[in-house]
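[1] model the following, please.
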Amino acid sequence: MRTLPTELIAFIAIAYVSILFFIAFRGDKKSTTGFYARHKTVIYSLSLAVYCSSWTFFGAVGSAARSGWDFFAIYLGPILVFVFGYKIIQRIIIISKQYSITSISDFLSSRYGKSRSIGVLVTFIAVIGSLPYISLQLHAISFSFTTLTTPVNSVEYYRSAESLWSDTAFYGALILALFSILFGTRHLSATEHHRGMMNAIAFESIVKLIAMLLVGLYATQLLFAQFDWSQVLRQPFELTSMNSETSRFSLSDFTTRLLLSMSAIMLLPRQFQVIVVEAEDHRQMESARWLLPLYLLLISLVVVPIALAGLMLLPGSGNADFFVLHLPQQNSEFSLAMIAFVGGISAATGMVIVASISLSTMVCNDVVMPLLIRSKYIDIQQRPDLSQIILRIRRITIVLLLLSSYGYFRLSGSNQQLANMGLLSFAAIIQFAPAMIAALYWQRANQHGVLLGLAIGFVTWAYTLLMPNFVSPQALDAAFTHLSWLHPHHLFNIHFSSSLTHGVVWSLLLNTVVMVTGSLRYAPSMLDKIQASIFTHTYVEPEALGHSSNFAANATVANARVLCVSIIGHASTERLFERYMQKQGRKLNTRDIIDKGLIEEIERAIAGVIGASSARHIITTQLLGEDVSTEDLFVMMDETSQALRFNQDILQASFENISQGISVVDKNLNLVAWNSRYQAMFEYPDALLKIGTPIEKLIRYNAERGDCGPGVTKRLIERRLNHLRNSGAYSSERKRRGAYIQINGNPIPGGGFV
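    Modelled structure (predicted):
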């Protein structure tokens with residue numbers, strides 16, 4: 001059977017990737033007025049299909065041929081997330097845009113006390129976990145090249161002794177590294193949108209979909225041409241039974257794959273890059289939530305006829321992963337075979353380019369640059385321009401990443417099925433899921449618990465899933481003959497339906513248990529509390545405040561004006577209201593109920609002075625009549641005091657809008673701010689409350705009146721001062737003159753107390 005010339009295939013592959021680069025280059029030049037600006041919503045939605053790598057193009061067919069409908073779990077997961085969980089994705093986008101977050105490691109480290117340790121650990125897990133996935137792309141490129149240049153029945157798949165210089169996977173790694181550098185390291189700012197890259201990724205998403213659909217239609221035509229209708233239509237329901245080597249459908253394995261894919265669609269570094277970092281705002285998700293599921297549904301449905309045609313028409317043809325190429329090649333449809341090859345190349349290059357960009361940003365920002373900045377020998381901070389150093393670090397990282405992936409390809413052997421290589425990476429990335437869920441919904445989660453959970457989860461993944469890839473099953477069984485309870489495939493002699501389910505269950509279970517236990521065991525720092533409040537109080541629709549049942553109680557124009565004046569000043573308030581009236585084309589009366597648009601304007605103005613989280617609390621408590629929890633109050637006051645650097649006048653004005661009694665002391669334990677409610681509660685004389693008054697004087701005043709309880713006055717004062725000196729959070733409740741008072745104190749990072 002005739003094959004295609006090697007030179008022709010190489011030329012087409014390089015020409016196609018060059019076209020992608022041209023699209024990206026032109027897209028960057030005309031990012032504001034060109035095609036991207038007119039169709040940015042569709043481009044954004046199509047770029048999310050970078051999820052469909054060569055695993056989809058080749059591996060899904062092989063998985064369907066071997067395991068039946070198990071393959072569909074990989075696409076059902078993202079469909080469910082986007083259709084039903086898109087609000088969660090929008091929240092993540094809003095938070096990331098507000099705080100200039102550039103990667104999944106940046107997101108998690110920001111949430112958990114801005115911990116550099118978490119950023120480094122997440123980056124390490126992401127890089128190690130991504131190596132099998134990038135290796136999968138090299139695997140697919142190399143084998144698809146071999147498939148088209150070798151007769152179907154004589155494809156010789158991988159020889160460990162193959163020379164480096166004759167290995168197409170090695171050259172594929174070098175070319176992909178080059179194009180990843182050209183695509184992704186022309187911009188310095190990690191938060192800057194790669195408009196051109198998004199154009200190119202959207203284009204390659206269209207190419208691989210068209211290629212897959214064409215091969216699917218061709219496979220369907222072959223089936224109906226050689227078999228009767230009833231036989232063909234009956235086979236999809238008996239897909240698994242067609243392969244005698246395949247075990248029966250396993251619900252536990254299907255559920256495992258479903259959970260892995262639901263996590264991967266958001267937590268894979270490349271997916272976080274295109275979904276979050278490249279998004280202009282959260283409203284782009286309104287279209288993407290339907291377009292991406294439709295794309296995944298289309299591309300997964302055509303997998304079935306290709307797998308059926310391969311099993312029924314090409315028995316014994318070799319690796320089922322490459323039925324997409326075998327079918328047209330077997331029937332001398334070389335044009336269709338080349339289209340399929342280009343589709344596979346497109347799927348691989350898109351994934352590698354985006355993954356390389358995101359991972360190099362993580363390595364540079366979270367690992368290399370912090371080390372250089374802290375190095376006394378390099379003294380990098382004295383250099384006038386760091387831009388070239390940063391770009392060089394990212395480029396070197398990309399090259400090392402691709403070469404490491406190639407090393408994994410060689411060491412692990414290429415006889416692994418593509419689906420298994422992809423699932424191995426998914427199992428590593430799902431370790432971020434407990435920390436991400438806690439970041440959005442559990443304020444008690446802190447950096448100590450998350451750090452321990454991630455470390456335990458990753459080690460368990462490496463032991464149960466990664467290590468066995470480099471050891472033969474026979475050697476593995478022999479090594480654990482006398483320690484069977486430690487066997488990587490059945491820890492504690494507990495057996496699951498597959499090694500994948502076993503590894504995922506144990507790693508995720510230990511990760512979650514350790515994270516929860518650690519978070520409960522260790523007290524969160526004040527910075528942990530601040531970030532927890534910010535992340536858990538960020539909502540998709542800020543205008544939803546206007547739907548509060550208490551909205552009409554105080555939300556008049558007059559009250560809103562008073563609130564604004566107390567925080568941003570009279571002149572700024574007048575400009576805000578004047579500008580809003582001009583935009584609306586109408587005059588506001590003092591008794592009018594303010595609308596959602598004006599609330600948003602007021603909130604933005606206040607946020608510019610005291611921070612977004614504090615502004616939200618002020619609006620909620622003062623205009624909507626709702627109260628705020630004690631913990632959130634401390635977080636708000638701490639954030640405010642840091643943002644204003646103890647600007648007493650504005651602090652004083654903002655504190656007056658809080659129903660609780662508030663006082664703030666600096667690191668020298670001198671009073672810097674308080675509100676009238678605080679003074680009234682303790683009946684302090686005006687002469688005692690002055691900026692700079694030692695807090696010891698206020699405590700002594702209370703103690704001498706008997707408000708600190710029985711005991712020696714000096715000891716009562718010293719005990720309270722020790723709480724402040726030791727920067728320890730405390731809570732107490734006591735009865736004072738017929739009323740119960742609850743007192744809560746929390747330290748401020750850098751010194752001071754609220």
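[2] in this protein, which helix or strand is least confident?
    helix 551-554 (a mean of 43; mean pLDDT, DSSP states H and E).
[3] next one: the closest residue in space to residue 704 that isn't next to it in sequence from residue 699, what distance?
    Counting by Cβ to Cβ, 6 or more residues apart in numbering, residue 704 lies nearest to residue 713, which is 6.3 Å off, once chain neighbours are set aside. Every C-beta, even on glycine, is put in place using the N, C-alpha and C of the backbone. Residue 713 sits 10 Å away from residue 699, going by Cβ to Cβ, to the nearest Å.
[4] who's more crowded, the two?
    residue 699 (21 against 14; other Cβ atoms under 10 Å).
[5] in contact with the more buried one, which residues are there?
    By Cβ atoms under 8 Å, 6 or more residues apart in numbering, residue 699 lies in contact with 708, 716, 717, 720, 721.
[6] so who does residue 504 touch?
    Residue 504 neighbours (Cβ under 8 Å, 6+ apart): 256, 259, 260, 427, 430, 465.
[7] I misspoke; the intended subject was residue 287.
    With contacts defined as Cβ under 8 Å, 6+ apart, residue 287 is in contact with 41, 42, 44, 45.
[8] and the least confident of the residues you listed?
    By pLDDT, residue 41 ranks lowest within these, coming in at 85.
[9] quick check: closest non-adjacent residue to that one.
    residue 287 (4.9 Å).
[10] wait, is the one you found part of a strand?
    No: under the criterion used here (DSSP: H, G, I helix; E, B strand; the rest coil), residue 287 is helix, not part of a strand.
[11] show the buried residues in the contacts of residue 699.
    708, 716, 717, 720 (16 or more other Cβ atoms under 10 Å).
[12] nearest to residue 390 among those residues?
    Using Cβ to Cβ, residue 720 comes nearest to residue 390 of the buried ones among the contacts of residue 699, at 49.1 Å.
[13] and the gap between that closest one and residue 221?
    85 Å.
[14] distance check, residue 78 against residue 412.
    Separation of residue 78 from residue 412 (Cβ to Cβ): 27 Å.
[15] which of these two has more residues huddled nearby?
    The neighbour comparison of residue 78 against residue 412 (other Cβ under 10 Å) goes to residue 78, with 25 against 18.
[16] now that one: closest residue in space that isn't a chain neighbour?
    Distances taken as Cβ to Cβ, 6+ apart place residue 265 nearest to residue 78, at 3.9 Å, with adjacent residues excluded.
[17] what pLDDT does the one you found get?
    So residue 265 comes in at 93 (pLDDT).
[18] what of residue 36?
    Residue 36 carries a pLDDT value of 54.
[19] ok, how many other residues are close to residue 81?
    21.
[20] the stretch 51-200 of the chain: strands as residue ranges?
    Remark: no strands are assigned in the stretch 51-200 of the chain by DSSP state E, counting those that start in this stretch.
[21] so where is it shaky, pLDDT-wise?
    Scanning the stretch 51-200 of the chain with the threshold set as pLDDT under 70 gives 150-166, 183-194.
[22] quick one: secondary structure of residue 734?
    strand.
[23] secondary structure element for the closest residue to it other than its chain neighbours?
    Among residues not flanking residue 734 along the chain, residue 741 sits closest, at 6.1 Å (Cβ to Cβ, 6+ apart). Using DSSP states H and E, residue 741 falls within strand 739-745.
[24] chain center to that strand: distance?
    Chain-centre distance of strand 739-745: 40 Å, with Cα atoms, centre = their mean, to the nearest Å.
[25] and if you look at stretch 292-305?
    On Cα atoms, centre = their mean, the centre of stretch 292-305 falls 25 Å from that of its chain.
[26] so which bits of it are buried?
    By 16+ other Cβ under 10 Å, the buried positions in stretch 292-305 come out as 292, 293, 295, 296, 299, 300, 302, 303, 304, 305.
[27] could I have that stretch exported to PDB, CA atoms only?
    Presented in PDB, the C-alpha positions along stretch 292-305 are these (Å, rounded to 0.1, in the frame of the first residue of the first chain):
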ATOM      1  CA  LEU A 292     -18.100  24.900  24.500                       C
ATOM      2  CA  PRO A 293     -20.600  22.200  25.600                       C
ATOM      3  CA  LEU A 294     -21.900  22.100  22.000                       C
ATOM      4  CA  TYR A 295     -18.400  21.800  20.700                       C
ATOM      5  CA  LEU A 296     -17.500  19.000  23.100                       C
ATOM      6  CA  LEU A 297     -20.800  17.200  22.200                       C
ATOM      7  CA  LEU A 298     -20.100  17.300  18.500                       C
ATOM      8  CA  ILE A 299     -16.500  16.200  18.700                       C
ATOM      9  CA  SER A 300     -17.300  13.300  21.100                       C
ATOM     10  CA  LEU A 301     -20.200  12.000  19.000                       C
ATOM     11  CA  VAL A 302     -18.100  11.400  15.900                       C
ATOM     12  CA  VAL A 303     -15.700   9.300  18.000                       C
ATOM     13  CA  VAL A 304     -18.300   6.500  18.000                       C
ATOM     14  CA  PRO A 305     -18.500   5.800  14.200                       C
END
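[28] who touches it?
    45-46, 48-49, 51-52, 56, 60-61, 64, 71-72, 75, 78-79, 82-83, 205, 208-209, 212-213, 215-217, 219-220, 223, 236, 239.
[29] burial check on residue 251, number of neighbours?
    Number of residues near residue 251 (other Cβ under 10 Å) recorded here: 8.
[30] if I look at it, how far off is residue 562?
    61 Å.
[31] do residue 178 as well
    Taking Cβ to Cβ, one finds residue 178 at 62 Å from residue 562.
[32] same question for residue 70.
    To residue 562, residue 70 is 63 Å away according to Cβ to Cβ.
[33] please say which of the two ends up with more neighbours.
    Between residue 70 and residue 562, residue 70 has the larger neighbour count (other Cβ under 10 Å), namely 22 against 14.
[34] what sits against the closest residue to that one other than its chain neighbours?
    Nearest residue to residue 70 in three dimensions, chain neighbours excluded: residue 254, at 5.7 Å (Cβ to Cβ, 6+ apart). Residues in contact with residue 254 (Cβ under 8 Å, 6+ apart) are 69, 70, 73.
[35] including distance to residue 117, could these go into a markdown table?
    Below are the contacts of residue 254 laid out as a markdown table (distance: Cβ to Cβ, whole Å):
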| residue | distance to residue 117 |
| --- | --- |
| 69 | 42 |
| 70 | 38 |
| 73 | 34 |
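[36] which one among those residues gets closest to residue 168?
    Among the contacts of residue 254, and counting by Cβ to Cβ, the member closest to residue 168 is residue 70, at 29.8 Å.
[37] hmm, back to that, buried subset of the contacts of residue 287?
    Among the contacts of residue 287, those buried by neighbour count (16+ other Cβ under 10 Å) are 41, 44, 45.
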